[in-house]
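Student: 3D, please:
(chains A and B)
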Amino acid sequence: MAANMYRVGDCVYFETSSTSPYQIRRIEELNKTTSGNVEAKVMCFYRRRDLPNPLIQLADKHQMAQSEDSPVAMKLKKICLKTPVGEEQAAQAVLDPALAAMEEESTELPGTDGLAPKQRHQAKHRELFLSRHVETLPATHIRGKCTVTLLNETESLLSYLNKDDAFFYCLVFDPSQKTLLADKGEIRVGSRYQTEVTNLLKEGEEDPRNSEQLETLVWTPSHGLSDRQIDQFLVVSRSVGTFARALDCSSSVKQPSLHMSAAAASRDITLFHAMDTLHKSGYSIEAALSSLVPASGPVLCRDEMEEWSASEANLFEEALNKYGKDFTDIRQDFLPWKTLKNLVEYYYMWKTTDRYVQQKRVKAVEAESKLKQVYIPNYNKPNPALIASSGTVGGGAAGAGAAAGAAKAAAVLNGGTNGTAACNNQQICASCQVSNSNHWYTWGPQHLQYRLCGSCWQYWKKYGGLKTAGVFGESEVEASKGPREGEEGALSVSHRPHRCTVLNCAKEFKLRAHLARHVATAHGCGEGGARPVMKTRAAFYLRASPFTRLARRLTRALRRPRHYARSPFSPINLAQVKHECSIAMAGLGGAELRAAGAGGGGVARARGPVGAVAARLASARGSPVAGGRAHEWLQLTPKDRLPVPAHVAFPKPPKAPDGSLMYERVLSRAELEARRAEAAPAPSLKRRAYDDINGLDNMSAGCGAGVALGAAAGAAEAGLAPPPAKRPNKHPAPMQRPSREQFAAMCAKAQATGQPLPPHVFAHVNGKPTNISGRGGRRHVISWMDAPDDLYFRATENAKAARRTLSCGELRRGARAPWRAMRGGISGAHGGVGAGGMGGASAKGGVGGAGGAPLQLVILD
Amino acid sequence: MAMQPHSKKRVCYYYDSDIGNYYYGQGHPMKPHRIRMTHNLLLNYGLYRKMEIYRPHKATADEMTKFHSDDYIRFLRSIRPDNMSEYNKQMQRFNVGEDCPVFDGLYEFCQLSAGGSVAAAVKLNKQASEICINWGGGLHHAKKSEASGFCYVNDIVLGILELLKYHQRVLYIDIDVHHGDGVEEAFYTTDRVMTVSFHKYGEYFPGTGDLRDIGAGKGKYYAVNIPLRDGMDDESYESIFVPIISKVMETFQPSAVVLQCGADSLTGDRLGCFNLTVRGHGRCVELVKRFGLPFLLVGGGGYTIRNVSRCWTYETSVALGVEIANELPYNDYFEYFGPDFKLHISPSNMSNQNTPEYLEKIKNRLFENLRMLPHAPGVQVQAIPEDAVNDESEDEDKVDKDERLPQSEKDKRITGDGELSDSEDEGEGGRRDNRSYRNNPQPRKRPRLDKDPAQPKDDIKNEDSKDEVKNLSGVEEPKKELPPNP
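Tutor: Presented below is the predicted three-dimensional model:
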């Protein structure tokens, strides 16, 4: 039972392929998947056979050098053993020339002196290489436990050979870089690392250090009070605390019962205070008692647990849910009136409460998927390499009969003595050459048809080699290892973890899909083709393929492009389009099709600059341009002689002191709403605000204001107050924003006095309340998630009719200044258009105010 | 002192009530709160009233630069979470940011931890106390100009430097599961401080602490590293701790000891991988205390905080020589100790990868190294006359180890009654009263050399003098480590 329990931290065999040796892994995590299977996150150990050859050589040299305490060893210790695969040359370059001489010597492991060659061979099977490579495997592939320990120089390899399933490692292998590293830190030597050692004080020399300056006595045990007296005093101080809570109004709310008061008075803070009091009053109970009850009333000690109100506690829990234990953020966004220390102290006390226990229980349920151990029964299914038992029996019989005496001869006699030719040749185990075994396994490349006896098979699976070196077959197998290794290499490349590319994350995943999921969940963005997890408004564009363009031209159903552009929501009969298209295209040849497709929508023709075109045109008309000189009318007018328009539609905004342009801020809906609501009781005030800004006063107060006011009133009636701001602004916007002139004046004044502008001016004028509020300097960037909703208006027949009554100029003005009510006279309908143009929130009010303007507001979602 | 039973030590304990409120950051395993939890347990166990309690000063930059480099301390003093971005380069240089985050009050935290250890060392120097405890200290990874492993300022090195003013040789023992690399590196080339660290080695932070790292230059053989594997339990720990420490005491003969009590070597630690119980961990404190040298106890690692506070509470009681109940008293953080609410914890059933043979081999190798030490190193003969002992020890070295000891050698090993006692009042006049490490003409006290590892466990209760005497009788036999037969 215990043997089949696998825990986190255990080293285990994993079977990933039935014919290759087990893989040795250390369990880092055990996770239950939703399907109920257990996945093991494991760290990989590599065998010698898994490493590229040059690295193995390096490892042996490193070992050998370490085993002796030679200067070469010292040198090698510091070498990071590094070699690109297959490049022995480079590998040699890393090594010191001094080592080259040693190369001739054996490449056996150290400490093998005194080992028989067979043991030396087997010791190689026990060496592993640690890696930091982590992968995930199904726990059901576990095939038993083993131990892997760092080889200590005091140990002999024999101690590993004598134990089953015992491995050792010395070096760390990095599969992606193909390097070996000694798993060893270094104590550095030099004045930058060692301390200057203080000298012993000389005879009669006094240490200048004075204990009084280094410490404050808080309690001494030499006080003359008995334990009992101290205990009594503690009880008294607790009762004083209870009484103090009874007197304290805020406490009596929090602790309605006497029990609760008493419990609160028994917390450690009261006891610490009592001890301090005793110490301060020179361990006189009397003096201490009187200082517990000063003239101001009994002493009341409260810790954070008691100090916090219920609402603060709720806030804290909410914050904890939201931010985790990031107390700096919690403080900033939830409990700015507490200090960080208050929060930490409270947090650790809060953990003792029932509330925490409940939360923990929830977490425990969540954590259930993380297992500490897993039970994997012994694996009993026959290995596919097992030679079918009938064959085994037959083979066994043949072995018993014929091969018993002539087992070795059988290898030569490659012919059937008794007709069982197939199993004749390989009657004996390729490793230990026994001919008797309960089970036989095919082993090695197919065409060689080697077989292993049961125990050698086990050995092969566990240790990745054959018991004896140089037995026939091994060299071939080693040779055949080449391609297989390549295959494994390819495998490991494909196993190279997918690394998250997001900054500061760099988590690794085995599968690309896992990475995609991680990126989506942890970073909220889709990687490549992965679907974004967060819902966003569908943004799309239509890519017109040549065929689409062709269809547009050919199909009658699409002959009204303007109509469709205006009403994108009305469906198009696709079947009809297809049908017409196919008919039309059938009658056209390839070139015609191309021509039709290229029509006007194809690639723009390169016509060259205007001047060239003009020259060409002129020459076509028979008046060649002399000397390539352009006509006068083709020359650019100098800047200063450009005609100045009488009316600048979009004048440049004033410049800020730093030279940047300050654009007027376009009011947000909420602000507009607020402004209107505020303006409602005093229309004249409101009007002036707007008119001052725009320098226009041609609005007929009656209708326009009526519309606007109606909107505001409607909003007010509907209780459509704008939602409170997420982050309360430190500089609330003034009721009136400065007009352009006012602003210019302010700037001038600021420049003259050398003082910065008041922040709200910036905030208001250029619409970017950035960097001004200073602290932290965090820009308030509107995230794409908070972007205003998309709007479009669906114009009803009435609205269209109303539009038609507007002059072109009025329409344009309305489009440019959508917040302004339209001119009077056209009454409700176009007022509604204006209100609608203002954007959204006021639309309902606008409808009401405009006497049922037939506008429909549709919010795209 | 009249109030105390005579075998009890005078214990000073350093604590600042602010220490528990420093917070390394979300998800960081290091929690200074554990020191406050320990403190509350001490109060409610009634241990508080039995010690001198001090609030340490905040160590000044001047004090810290006795070891650390000026620019490193200047950097620590100026960095805050809100100005971190201006210090990118320096943060990299000083290894601050990842394991060692910048948190609010970082510098103050370092000041308090270092202040406690320095004040404690001064206290010991003034002989105003026999045992000083600073659970806020023990930050053994901090390097001269580099933070490391949750440690910024190495209070231990600062404390030892202070002790070196009065003590020719100081022994540092580290029972944290991590290697005490900061302290080892600081004293790697000196023979006045021997650092002995018991730690998990192999694919483990900080990667140093190989058996072969033995010190350099003058300090060669003065760094002792005991690399261990997963699953060390109480029994194996003691089986290696006792012989090594006895041998070290015998050969190095320190006059003061600093013990780093990192509690991450306990079973079930969030970062550790040993299987010690509170009792096994506390046993080390008890064993070191028995040598009766001025003794500074500091904290260290420990990341399952309920067990850390259990452990340090128990070790405080061991230092005080007071027995405390297994039932935990009620306190503000009582709920942390559920579901059993007991002081002692049981080991897990994890397998111990340290076989007795492995430990034996390590031990023998270390003994070989320790044999290379000249006895009583770095001694100025004129200043410390008691080093006459040296000659005897050299005689001993000449004796063939394989032979039974000649009677003359055996006689030297017989200790007088009370000579090994750690109780101050034994002998006439109380030996503390006129003790000085520099000019005391009486021969050096031979520490207790040989505890038989086979039958090691004296009970912890044996604190009163009667039991002490009983134990001592066992010491008077010849050394048991030597082979009895040729």
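
Student: pLDDT below threshold where in the stretch 101-250 of chain A?
Tutor: Residues of the stretch 101-250 of chain A meeting the criterion pLDDT under 70: A:101-115, A:183.

Student: can you give me the helices in it?
Tutor: Ranges of helices in the stretch 101-250 of chain A, per DSSP state H, counting those that start in this stretch, are A:117-125, A:158-161, A:211-214, A:227-247, A:249-254.

Student: in TSV: these, plus distance to chain B and mean neighbour count.
Tutor: Any C-beta I mention is one placed from the backbone N, CA and C, and that applies to glycine too. Formatted as TSV, the helices of the stretch 101-250 of chain A follow (distance: least, Cβ to the nearest Cβ, whole Å; neighbours: other Cβ atoms under 10 Å in any protein chain shown):
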stretch	distance to chain B	mean neighbour count
helix A:117-125	17	18
helix A:158-161	7	17
helix A:211-214	4	15
helix A:227-247	6	17
helix A:249-254	17	13
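
Student: out of the ones you listed, which gets nearest to B:Asn154?
Tutor: Among the helices of the stretch 101-250 of chain A, helix A:211-214 comes nearest to B:Asn154, with 17.7 Å by Cβ to Cβ.

Student: need the residues that contact that closest one.
Tutor: Outside of helix A:211-214, the residues within contact range by Cβ atoms under 8 Å, 6 or more residues apart in numbering or on different chains are B:56-57, B:115, B:118-119, B:122-123, B:126, B:128.

Student: quick one, what contacts the residue nearest to B:Ala121 when sequence neighbours are not counted?
Tutor: Nearest-residue entry for B:Ala121: B:Glu162, 3.6 Å, with adjacent residues in sequence omitted and distances by Cβ to Cβ, 6 or more residues apart in numbering or on different chains. Residues in contact with B:Glu162 (Cβ under 8 Å, 6+ apart) are A:198, A:209, B:118, B:121-122, B:125.

Student: now tabulate these in JSON lines and tack on distance to A:Ser567.
Tutor: Formatted as JSON lines, the contacts of B:Glu162 follow (distance: Cβ to Cβ, whole Å):
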{"residue": "A:Thr198", "distance to A:Ser567": "91"}
{"residue": "A:Arg209", "distance to A:Ser567": "90"}
{"residue": "B:Val118", "distance to A:Ser567": "83"}
{"residue": "B:Ala121", "distance to A:Ser567": "88"}
{"residue": "B:Val122", "distance to A:Ser567": "90"}
{"residue": "B:Asn125", "distance to A:Ser567": "94"}
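
Student: most surrounded residue in these?
Tutor: Within those, most neighbours by other Cβ atoms under 10 Å in any protein chain shown means B:Ala121, with 31 neighbours.

Student: all strands for the stretch 201-350 of chain A, in order.
Tutor: Using DSSP state E, counting those that start in this stretch, the strands of the stretch 201-350 of chain A run over residues A:215-219.

Student: give me every residue in it lying close to chain B.
Tutor: A:201, A:203, A:207, A:209, A:211, A:213-224, A:227, A:230, A:267-269, A:271-272, A:275, A:303, A:305, A:324-328, A:340-341, A:344-345, A:348-349 (Cβ under 8 Å from any Cβ of the partner chain).

Student: what is the nearest of the contacts of B:Glu162 to B:Asp191?
Tutor: The closest of the contacts of B:Glu162, once distances to B:Asp191 are taken by Cβ to Cβ, is A:Thr198, at 14.2 Å.

Student: mind listing what the closest one touches?
Tutor: Listed by Cβ under 8 Å, 6+ apart, the contact set of A:Thr198 reads B:66, B:161-162, B:164-165.

Student: now secondary structure and pLDDT too, for those residues, in CSV please.
Tutor: Conversion of these to CSV gives the following (DSSP: H, G, I helix; E, B strand; the rest coil; pLDDT from 0 to 100):
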residue, secondary structure, pLDDT
B:Lys66, coil, 94
B:Leu161, helix, 96
B:Glu162, helix, 94
B:Leu164, coil, 95
B:Lys165, coil, 94
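
Student: about what we covered before: buried ones among the contacts of helix A:211-214?
Tutor: B:56-57, B:115, B:118-119, B:122-123 (16 or more other Cβ atoms under 10 Å in any protein chain shown).

Student: ChimeraX command for the buried members of the residues of the stretch 201-350 of chain A next to chain B?
Tutor: What follows is the ChimeraX syntax selecting those of those that are buried according to 16+ other Cβ under 10 Å:
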select /A:209,211,214,215,218,219,221,223,230,267,268,269,271,272,275,303,305,325,326,327,328,340,341,344,345,348,349
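
Student: ok, back up a step: among the contacts of helix A:211-214, which are in reach of chain A?
Tutor: With Cβ under 8 Å from any Cβ as the criterion, these include B:56-57, B:115, B:118-119, B:122-123, B:126, B:128 near chain A.

Student: save these as a markdown table, and put in secondary structure too.
Tutor: Listed next are those as a markdown table, based on DSSP: H, G, I helix; E, B strand; the rest coil:
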| residue | secondary structure |
| --- | --- |
| B:Pro56 | strand |
| B:His57 | coil |
| B:Gly115 | helix |
| B:Val118 | helix |
| B:Ala119 | helix |
| B:Val122 | helix |
| B:Lys123 | helix |
| B:Lys126 | coil |
| B:Ala128 | coil |
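
Student: out of those, which is nearest to chain A?
Tutor: Checking these against chain A with Cβ to the nearest Cβ, the nearest one is B:Ala119 at 3.8 Å.

Student: ok, the closest one to A:Gln213 distance?
Tutor: Applying Cβ to Cβ, to the nearest Å, the value for B:Ala119 to A:Gln213 is 9 Å.

Student: quick check: neighbours shared by those two?
Tutor: Taking Cβ under 8 Å, 6+ apart as the criterion, B:Ala119 and A:Gln213 both touch B:His57.

Student: what ranges in the stretch 501-650 of chain A fall below the confidence cut-off?
Tutor: Within the stretch 501-650 of chain A, the stretches with pLDDT under 70 are A:501-541, A:556-558, A:587-605, A:623-634.

Student: how about 50 then?
Tutor: A:524-536, A:600-602 (pLDDT under 50).

Student: which parts of it are strands?
Tutor: Assigned by DSSP E, counting those that start in this stretch, the strands in the stretch 501-650 of chain A fall at A:508-509.

Student: ok, residues contacting stretch B:352-359?
Tutor: Residues external to stretch B:352-359 that are found in contact with it (Cβ under 8 Å, 6+ apart): A:147, A:149, A:152, A:154-155, A:159, B:228-233, B:236, B:239-240, B:275.

Student: of the residues you listed - the most surrounded one?
Tutor: B:Met232 (29 neighbours).

Student: contacting residues for that one?
Tutor: Neighbour list for B:Met232: B:200, B:265, B:274-276, B:352, B:354 [criterion: Cβ under 8 Å, 6+ apart].

Student: host element of A:Lys6?
Tutor: Actually, residue A:6 is Tyr. It isn't Lys. Assessed by DSSP states H and E, A:Tyr6 sits inside strand A:5-7.

Student: buried ones in that strand, by neighbour count?
Tutor: For strand A:5-7, by 16+ other Cβ under 10 Å, it's A:6-7.

Student: now the element after that strand, going C-ward?
Tutor: strand A:11-14.

Student: beta partners of A:Gln23?
Tutor: Note on A:Gln23: beta-bridge partners A:Phe14, judged by DSSP bridges.

Student: gap between it and A:Arg49?
Tutor: With Cβ to Cβ as the criterion, A:Gln23 and A:Arg49 are 11 Å apart.

Student: those two: who's more crowded?
Tutor: Just comparing A:Gln23 and A:Arg49: by other Cβ under 10 Å the higher neighbour count belongs to A:Gln23, 22 against 18.
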